[in-house]
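S.K.: Kindly return the folded structure for what I paste below:
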Amino acid sequence: MLEWEVDDDDRLSIWGYDAFEVYGRRENGLPDYEAGQQTHEFLRALATYVEEDDELDIQTAGFTKCRFSVLAARYVVRRGDVLRADLRTLEPIED
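M.R.: All right, here's what the predicted structure looks like:
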């Protein structure tokens, strides 16, 4: 579960105990996993709100059960641009 807040200085903070993944929401407020992940769409929409010469750096690392022993990802959101790192390089995400 991820949580977020905007502080008195208009700083957005996102934290939690899960991978950074965004899903749509059902009418009852629960995540709509069947509709699929919408992380890239969310970040592209968020990029329109990032001020020029500023960036949002999202990093997630940890482990998830025995299926995936290590989880690591990084997104950098800039005005009109979203990049994803694979721990080696920072590249634009595909549409």
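
S.K.: C-alpha only now, for contacts and for neighbours.
M.R.: Will do.

S.K.: quick one: what helix or strand has the residue nearest the centre of the chain in it?
M.R.: Compute the mean C-alpha point of the chain, and by Cα atoms, centre = their mean the closest residue is Phe20, 4.8 Å away. Here Phe20, judged by DSSP states H and E, is contained in no helix and no strand.

S.K.: How about it: what's its closest non-neighbour residue?
M.R.: Leaving aside its sequence neighbours, Phe20 sits nearest to Thr60 (Cα to Cα, 6 or more residues apart in numbering; 6.5 Å).

S.K.: buried residues in the helix or strand hosting the one you found?
M.R.: Element membership of Thr60, judged by DSSP H and E, is strand 55-64. Buried residues in strand 55-64, defined by neighbour count with 16 or more other Cα atoms under 10 Å: 56, 60.

S.K.: what packs against that strand?
M.R.: Counting by 3 or more Cα pairs under 8 Å, 6 or more residues apart in numbering; DSSP states H and E, the packing neighbours recorded for strand 55-64 are strand 68-78.

S.K.: the helices in this structure, which residues?
M.R.: For the chain, the helices defined by DSSP state H occupy 39-47.

S.K.: Output the below-cut-off pLDDT ranges for it.
M.R.: Low-confidence segments of the chain (pLDDT under 70): 1-2, 63-69, 86-89.
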